[in-house]
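**Student:** sharing a sequence plus its predicted fold:
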Amino acid sequence: MRPKHNFKNLIVWKKAVDLAVHIYELTQIFPSEEKYGITSQMRRSSVSIPSNIAEGTARNSSKSFSNSLDISLGESFELETQAIISNRVGLLEDETFENLTNQISEVQKLIIGFRNSVESNPY
């Protein structure tokens, strides 16, 4: 069976990949003592967002795909929390933080919209 969606063509996946790349760029300037702390956590969360979207496209039911999107959404909120902490401890400046949270919010809205579409148009 062929996946209903080619994940590489999905705007939500592309935006999530852009977010992950942005996180890698931002965390490069974090102190080396954070390598196994917040840097690792933020990178893992950000990579998990598009990865779960891609994984969901291989699922054979709308319910399974929706579950993968739920996991992606949860990871995006985890990343947002990590960004808030990074800002509050001085690792992210306010302007950078604001831009990042706007990007995260956009991805969250896209995931929610896509999940709603998947749930209303079952396989």
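**Tutor:** Noted; the coordinates are in hand. Residues are numbered from 1 along each chain as shown.
**Student:** in the chain, which spans are helices?
**Tutor:** Listed in chain order, the helices of the chain (DSSP state H) span 11-27, 38-57, 62-88, 94-120.
**Student:** which strands and helices sit next to the last one?
**Tutor:** What it means is helix 94-120. helix 11-27, helix 38-57, helix 62-88 (3 or more Cβ pairs under 8 Å, 6 or more residues apart in numbering; DSSP states H and E). Heads up, the C-betas are built off the backbone N, CA and C, glycines and all.
**Student:** now do 7 Å
**Tutor:** In terms of contacts (3 or more Cβ pairs under 7 Å, 6 or more residues apart in numbering; DSSP states H and E), helix 94-120 is packed against helix 11-27, helix 62-88.
**Student:** so what's the residue nearest to the spatial centre of the chain up against?
**Tutor:** Residue closest to the mean C-alpha point of the chain, counted by Cα atoms, centre = their mean, is residue 49 at 3.3 Å. Residue 49 makes contacts with 16, 19-20, 72, 75-76, 107, as judged by Cβ atoms under 7 Å, 6 or more residues apart in numbering.
**Student:** which of the residues you listed sits closest to residue 94?
**Tutor:** residue 19 (19.1 Å; Cβ to Cβ).
**Student:** ok, the closest one to residue 60 distance?
**Tutor:** As judged by Cβ to Cβ, to the nearest Å, residue 19 and residue 60 stand 27 Å apart.
**Student:** who has more neighbours out of these two?
**Tutor:** Using other Cβ atoms under 10 Å, the more surrounded residue of residue 19 and residue 60 is residue 19, with 22 against 11.
**Student:** how about the helices of the chain in TSV, adding mean pLDDT and distance to residue 5?
**Tutor:** Putting the helices of the chain into TSV (pLDDT from 0 to 100; distance: least, Cβ to Cβ, whole Å) gives the following:
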stretch	mean pLDDT	distance to residue 5
helix 11-27	98	9
helix 38-57	96	5
helix 62-88	96	8
helix 94-120	96	9
